[in-house]
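A.B. asks: For reference, the sequence and a predicted model appear below.
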Amino acid sequence: MLSGESGQQEEKTDFGLVKGHAYGVTAVKKVPVGSVGLTNLFKGREKLCLVRLRNPWGEKEWTGAFSDSSLEWREITDKEKQKLGLVTEDDGEFWMPWDDFIEQFTDVSINHVINTSIFSFYKTWKQFNKAGEWTRPDRCGGCLNYPQSFLANPQYRFDVSSKDNTSEEVIIQLSQNDDQRLLSRERVVMGMHVWKVECNRKYRIHKINLENIKSSDFIKSRHVFYRTCLGPGRYCIIPSSFKPGEDGQFLIRLFGDEICCFSEMIEDEPQTPKCMCIFKGFQVVTRITVRSITGLPAKKSIGSTDPYVTIKCEGETVKSQVIENSLNPEFNFSAIFYRKDPDKDIVVQVWDHNLLMDTFLGQVTISRAILVDFTGTTASNKTRRSDSDSGNPFGDTAGARSGSGASGGVGVLKLDLKSKGKDNLEKLPGSIELVLENDGNLSAF
């Protein structure tokens, strides 16, 4: 669609176009000009670029060069006119030269036609819509240039599931309210940020992750589009105005082939039980990142080793994607757990994916003693590695523990894989590298 040059709404120009109006481009052709003479047969005829447009109203056409009744059509042979499908009627469709087109029009929008039909032989896209609002004083924090208030914006999460760990194309559209009753209100400059979060995140983000962040353009427009490719995992979208304090209503539309679970994250942390004497409250939050595994054994039978990991914590189990044909896989797989009983162990297991039954390759157990050990080291005066050195994929450290003198911290551990059982004494081939973060403040991450 194309917008006519700015001016009074629905006012006609000297060439019959309507100002502030939208026309559709239906064809662009290069047309030979002049007669088919002997000279032109060897030299070749000059070609003119013509654009065919359509007025949705079905009337009020272009009256300049190559309009329906213009003399310029005499330079075009009847055969070329037939190829163009020239119709000299006031039906709203007309041709105009390319030079006039770029002079008369100010804006061009290229539309991506997305197939959302269930019954189709072609690629289809899933579509999700969410209406939201930037509200004062606590839900309009501005863009990432304002880190102190940025995370106060509305936050949305969605999952990308992909076969063979391939990236999936995702299109996000952010639209602000353009109701005719609000025309006196100036549009805000807006855009969005997208980044990968823990595979099981349900609550709002409280620490900014500057690694692998994706950002759209921030423009003063009714619509902002962002098209990207994302690997498997859970992602967070934060739509925002450019400056803090700019309120307004918006709509997010999400398109993709392998996307699901699109919802807003409203709560900051799990709710405390009303009856603490019967139900335990959450004590700590722990974030675990499986960075890599090295030295896995090759499969003895036919086939390749296709490892994946699971993390078990207080009845919750999360599973990573399968890494095909690798004895030294890199995962960078993260999960976050809100824990009622910090004394219970966390178990990270490594499995080999098979067609019928998966094979156990080893596990490590993370006890409270391990978490307290690195947390205590963080709180002390001992030297520890910086976040960049530690390989923390979130690029932040935990905040202070609430109600205690110790502070949260980041620990990097490399542990040998062990067998199952209470004692876990038998060492198995391979070792796993983990990033552990622990904090008594449930809103630390």
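C.D. replies: Structure received. Numbering: from 1, shown residues only.
A.B. asks: Surely residue 312 and residue 346 touch.
C.D. replies: Yes - between residue 312 and residue 346 a contact is recorded at 6.9 Å, counting by CB atoms under 8 Å. Any C-beta I mention is one placed from the backbone N, CA and C, and that applies to glycine too.
A.B. asks: Which one of those two is surrounded by more residues?
C.D. replies: residue 346 (23 against 17; other CB atoms under 10 Å).
A.B. asks: Nearest spatial neighbour of that one, chain-adjacent residues omitted?
C.D. replies: residue 366 (4.2 Å; CB to CB, 6 or more residues apart in numbering).
A.B. asks: Residue 145 too?
C.D. replies: residue 242 is the one closest to residue 145 (CB to CB, 6+ apart), at 7.7 Å.
A.B. asks: and if you look at residue 305?
C.D. replies: Nearest-residue entry for residue 305: residue 299, 5.0 Å, with adjacent residues in sequence omitted and distances by CB to CB, 6+ apart.
A.B. asks: number of nearby residues for that neighbour?
C.D. replies: A count of nearby residues for residue 299, using other CB under 10 Å, gives 15.
A.B. asks: what does residue 196 give?
C.D. replies: 23.
A.B. asks: May I ask which helix or strand encompasses it?
C.D. replies: Using DSSP states H and E, the element containing residue 196 is strand 190-197.
A.B. asks: For that strand, which residues meet the burial criterion?
C.D. replies: 190, 191, 192, 193, 194, 195, 196, 197 (16 or more other CB atoms under 10 Å).
A.B. asks: dump the residue contacts of residue 429.
C.D. replies: By CB atoms under 8 Å, 6 or more residues apart in numbering, the contact set of residue 429 is 295, 296, 297, 362, 417.
A.B. asks: tell me the contacts of the third one?
C.D. replies: Which is residue 297. So residue 297 contacts 305, 327, 361, 429, 430 (CB under 8 Å, 6+ apart).
A.B. asks: Can you tell me how far it is from residue 429?
C.D. replies: 5 Å (CB to CB, to the nearest Å).
A.B. asks: what do you get for residue 312?
C.D. replies: Per CB to CB, residue 312 is found 22 Å from residue 429.
A.B. asks: Next step: the contacts of residue 429 restricted to strands.
C.D. replies: 362, 417 (DSSP state E).
A.B. asks: Quick one: buried ones out of the contacts of residue 429?
C.D. replies: 296, 362, 417.
A.B. asks: can you confirm residue 80 is in a strand?
C.D. replies: No - Residue 80 is assigned helix when assessed by DSSP: H, G, I helix; E, B strand; the rest coil, not a strand.
A.B. asks: close enough to count as contact, it and residue 31?
C.D. replies: Yes - using CB under 8 Å, residue 80 is in contact with residue 31, at 5.6 Å.
A.B. asks: Closest to residue 57 out of the contacts of residue 429?
C.D. replies: Distance to residue 57 across these (CB to CB) is lowest for residue 296, with 67.4 Å.
A.B. asks: Give me the buried stretch members for stretch 63-72, please.
C.D. replies: Within stretch 63-72, the residues scored as buried using 16+ other CB under 10 Å are 63, 64, 65, 66, 67, 68, 70.
A.B. asks: same check, this time on stretch 212-231
C.D. replies: Of the residues in stretch 212-231, those buried (16+ other CB under 10 Å) are 214, 216, 218, 221, 224, 225, 226, 230.
A.B. asks: Nearest spatial neighbour of the second one, chain-adjacent residues omitted?
C.D. replies: Going back to what we said before, that points to residue 216. The shortest distance from residue 216 to any non-neighbouring residue, by CB to CB, 6+ apart, is to residue 226 (3.7 Å).
A.B. asks: Quickly note the distance from the one you found to residue 47.
C.D. replies: From residue 226 to residue 47 the distance is 38 Å (CB to CB).
A.B. asks: And residue 171, by the same measure?
C.D. replies: From residue 171 to residue 47 the distance is 36 Å (CB to CB).
A.B. asks: what about these two, which has more around it?
C.D. replies: Neighbours were tallied for residue 171 and for residue 47 using other CB under 10 Å; the higher tally belongs to residue 171 (16 against 12).
A.B. asks: does that one sit in a helix or strand, and which one?
C.D. replies: Remark: residue 171 resides in strand 168-176, with elements defined by DSSP H and E.
A.B. asks: and what of residue 444?
C.D. replies: Going by DSSP H and E, residue 444 is not in any helix or strand.
A.B. asks: Check it and give its pLDDT.
C.D. replies: pLDDT recorded at residue 444 is 89.
A.B. asks: shouldn't it be in contact with residue 268?
C.D. replies: No - in terms of CB under 8 Å, residue 444 does not count as a neighbour of residue 268; the distance is 10.9 Å.
A.B. asks: shared neighbours of these two, anything?
C.D. replies: Any residue near both residue 444 and residue 268 by CB under 8 Å, 6+ apart counts here, and that gives residue 206.
A.B. asks: No more questions from me, cheers.
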